[in-house]
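J.: take this sequence and fold it.
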Amino acid sequence: MDQIKWCIHQKKGIEPVEPSDNLRDAYLIKAEEALDTLRTSKSRDWQLTAAYYTIYHGIYSLLMKTGVKCEIHSCTIEFTRRFLKNHFSPEDFELIDKAFSARIDSQYYVNRKVPEQKYDLIVKKTPAFLVKCKNIILEQKEINNIRNQILSLK
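T.: This next block holds a predicted model:
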């Protein structure tokens, strides 16, 4: 089954809601707060977690602008991959995937060490990723197209 279709049919999966610039701004604030934690934390595990949430909240701000709610992280990422792909590069998606897996490894497992090269890439690239999210302009035509595609899959 198509991953997006699966996500749409999950209880806390992809769901159309009213688009909101206020919520977009609120999630960008959350992303900035996570970025501050990334910069100030002495803990490598918390830096990886903060980096991931900087990226995730940056992406989620775009979902709020589009009027899409999703509480399943992998579905939020798949939504981005499918519907916002023109705004992100293959390197951006590589960063998203690495940050997602590094957060899981560092938060949930004591015996999984995130390799130094992966850690360095995530910490280095996260601030620019947030800037990119802030600078993405979603035109109403694009928002309508995304929402119509989601609704057609329900």
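
J.: so, low pLDDT: which residues of the chain?
T.: 1 (pLDDT under 70).

J.: any idea which helix or strand carries the residue nearest in space to the middle of the chain?
T.: Nearest residue to the geometric centre of the chain (CA atoms, centre = their mean): residue 56, 3.0 Å. Assessed by DSSP states H and E, residue 56 sits inside helix 44-66.

J.: got it, and residue 91?
T.: helix 90-108.

J.: contact partners of that helix?
T.: 44-45, 48-49, 51-53, 55, 59, 73-74, 77, 80-81, 88, 112-114, 118-119, 121-122, 125-126, 129, 132 (CB atoms under 8 Å, 6 or more residues apart in numbering). Any C-beta I mention is one placed from the backbone N, CA and C, and that applies to glycine too.

J.: buried ones among those residues?
T.: Buried members of the contacts of helix 90-108, scored by 16 or more other CB atoms under 10 Å, are 48-49, 51-53, 55, 59, 77, 80, 88, 114, 118-119, 121-122, 125-126, 129.

J.: give me the nearest residue to residue 23, chain neighbours excluded.
T.: Distance criterion CB to CB, 6 or more residues apart in numbering; nearest residue to residue 23, sequence neighbours excluded, is residue 64 at 3.8 Å.

J.: looks like that neighbour contacts residue 18 (just checking).
T.: No. Counting by CB atoms under 8 Å, residue 64 does not reach residue 18; the two are 9.6 Å apart.

J.: counting neighbours, go ahead and name the busier of the two.
T.: Set residue 64 next to residue 18 and count neighbours by other CB atoms under 10 Å: residue 64 wins out with 21 against 8.

J.: compute the distance between that one and residue 96, please.
T.: According to CB to CB, to the nearest Å, residue 64 and residue 96 sit 18 Å apart.

J.: for residue 58, same thing?
T.: Per CB to CB, residue 58 is found 10 Å from residue 96.
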